[in-house]
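J.: heads up, no residue letters with this:
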């Protein structure tokens, strides 16, 4: 085992360092984030930074890279206050990955990636019909990070579409049956195989 | 497929809702967070909310539940400015899970869970010797969330201990060989099986 020092990390080539730091923490949740602009133009983006903030009210966080003109998702969230997070399944992960390409704002990634938008009266943003877990959210709080121009968006869950059979008696959602995949770094996808569910730990 | 409405979520029993919201987003990265207090007393906690903030400088975020007297990890980070994040392997995931129990501050979870602290000159906080990827961090920025008393801690990577053979030519860290596991909800652990690594997506 070796120590990769801060100095060594700083001296890494830019893309190499991005791969290294993005993948070193493990396999992350990965979602398709759906939004729409005022004109009804739908947008999809791949995000791997969703984190749990609280259950009551149900709050989730997601990180956006420094604001760029083409960051359509964040602009749409600010305009409409709404977005969706949709899980990715092995059957369409290659199409989903394609949504990470830099398309101009007037292109719908749904069409470019051959995925199906699903609209529902409770929210303006589109769900991804192919996903087995579809989460609707509204913007709750925006946290700009001084560190590097990154923006953390906290969203409040407004509704969740899934097959109720995925929910166990105690509320736990069976991610194995749901088929959700994970990602390490920006491009390595993984299937999750159950290892074990453990009882509540007591001291 | 059914819509679980916001109203239905609000009306769920507290523990059921916590399980539901914690598990509905998918399989997350899970780490042992190591700290030490001024007296040299080591502490370990299980965290499932690590997220990527940036690669240059290398920044990671982690979420702490509303401040409680017994939140030893956050108190230690504030005192020393330092902490570690260590991956969890199948060989010791049951011991690691035990670190989520509510021990009093004077108890070291290393002893209670039969895990081995490893100290290194560059940082005061202990690494977990059993982990195959051990990340040292210093406190960079603390973000209190108005929403629910949660605190987001942003940390700057100060050094990473791992076997250099885990790093591919382009910087990508092989999480499958590293053996890192994931968690859904608070207690369901998963092994990550490679599905595929995809090329950079172009529009």
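T.: That came through, no problem. The structure displayed is predicted, hence computed values, not measured ones.
J.: Quickly find the element holding residue A:21.
T.: Using DSSP states H and E, residue A:21 maps to helix A:14-24.
J.: average pLDDT across that helix?
T.: What helix A:14-24 shows for mean pLDDT is 97.
J.: For it, list every residue counted as buried.
T.: By 16 or more other C-beta atoms under 10 Å in any protein chain shown, the buried positions in helix A:14-24 come out as A:16-24. All C-beta spots, glycine's among them, are computed from the backbone N, C-alpha and C.
J.: Please convert those to CSV, extending it with distance to residue B:43.
T.: Shown next, in CSV, are those (distance: C-beta to C-beta, whole Å):
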residue, distance to residue B:43
A:16, 34
A:17, 30
A:18, 32
A:19, 32
A:20, 28
A:21, 25
A:22, 28
A:23, 27
A:24, 23
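J.: coming back round to it: any residue of the helix holding residue A:21 touching chain B?
T.: Yes: judged by C-beta under 8 Å from any C-beta of the partner chain, helix A:14-24 and chain B are in contact via A:14-24.
J.: per-residue confidence for residue A:203?
T.: Residue A:203 carries a pLDDT value of 79.
J.: That one belongs to a strand?
T.: No: judged by DSSP: H, G, I helix; E, B strand; the rest coil, residue A:203 forms no part of a strand; its state is coil.
J.: who touches it in this structure?
T.: B:101-104, B:107, B:112 (C-beta atoms under 8 Å, 6 or more residues apart in numbering or on different chains).
J.: Just among those, which is most surrounded?
T.: Using other C-beta atoms under 10 Å in any protein chain shown as the neighbour criterion, residue B:103 leads the contacts of residue A:203 with 22 neighbours.
J.: quick one: which of the contacts of residue A:203 is nearest to residue A:191?
T.: residue B:101 (30.4 Å; C-beta to C-beta).
J.: For the closest one, what are phi and psi?
T.: When read as degrees, to the nearest 10, the backbone of residue B:101 gives phi -70, psi 160.
J.: State the distance from it to chain A.
T.: 4 Å (C-beta to the nearest C-beta, to the nearest Å).
J.: related to what we said a few turns ago, for the buried residues of helix A:14-24, which one is nearest residue B:35?
T.: Among the buried residues of helix A:14-24, and counting by C-beta to C-beta, the member closest to residue B:35 is residue A:24, at 19.8 Å.
J.: How about the closest one, nearest residue that isn't a chain neighbour?
T.: For residue A:24, ignoring the flanking residues on the chain, the nearest one in space by C-beta to C-beta, 6 or more residues apart in numbering or on different chains is residue B:173 at 4.7 Å.
J.: circling back to that earlier point, after the helix holding residue A:21, next one along is what?
T.: Next along from helix A:14-24, by DSSP H and E: strand A:28-29.
J.: pLDDT weak spots in chain A?
T.: Residue ranges of chain A with pLDDT under 70: A:67-70.
J.: how about 50 then?
T.: The model of chain A has no residue with pLDDT under 50.
J.: secondary structure class for residue A:35?
T.: strand.
J.: Residue A:21 contacts residue B:157, doesn't it?
T.: Yes: between residue A:21 and residue B:157 a contact is recorded at 7.1 Å, counting by C-beta atoms under 8 Å.
J.: which neighbours do the two share?
T.: A:9, B:58.
J.: what are the ranges of the helices in chain A?
T.: A:6-10, A:14-24, A:72-80, A:93-98, A:109-112, A:175-178 (DSSP state H).
J.: can you count the residues close to the residue nearest to residue A:19 when sequence neighbours are not counted?
T.: Nearest residue to residue A:19, sequence neighbours excluded (C-beta to C-beta, 6+ apart): residue B:171, at 3.6 Å. The local packing of residue B:171 (other C-beta under 10 Å) involves 21 other residues.
J.: what residues are up against residue B:171?
T.: By C-beta under 8 Å, 6+ apart, the residues touching residue B:171 are A:12-13, A:15-20, A:23.
J.: can you redo the residues you listed as TSV with distance to residue B:149?
T.: TSV is the format used below for these (distance: C-beta to C-beta, whole Å):
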residue	distance to residue B:149
A:12	37
A:13	41
A:15	39
A:16	39
A:17	35
A:18	33
A:19	36
A:20	34
A:23	32
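J.: how about those, which pair is most distant?
T.: Maximum distance among the contacts of residue B:171 (C-beta to C-beta): 15.2 Å, for A:13 and A:23.
J.: Just the closest of the residues of helix A:14-24 next to chain B to residue B:190, please.
T.: residue A:23 (17.4 Å).
J.: List the residues that contact the closest one.
T.: Per C-beta under 8 Å, 6+ apart, neighbours of residue A:23: A:184-185, A:188, B:171-173, B:175.
J.: Any of those residues buried? List them.
T.: A:184-185, A:188, B:171-173, B:175.
J.: of those residues, closest to residue B:96?
T.: Closest to residue B:96, out of all of those and judged by C-beta to C-beta, is residue B:175, at 16.5 Å.
J.: Touching, the closest one and residue B:192? I think so.
T.: Yes: here residue B:175 reaches residue B:192: they are 6.1 Å apart, a contact under C-beta under 8 Å.
J.: Next, show the common contact partners of these two.
T.: Listed contacts common to residue B:175 and residue B:192 are A:27, A:184, A:190; contacts here mean C-beta under 8 Å, 6+ apart.
J.: for the last one, which residues make a bridge with it?
T.: Listed by DSSP bridges, the beta-bridge partners for residue A:190 are residue A:182, residue B:194.
J.: Make sure it is actually in contact with residue B:197.
T.: No: judged on C-beta under 8 Å, residue A:190 makes no contact with residue B:197 at a distance of 10.0 Å.
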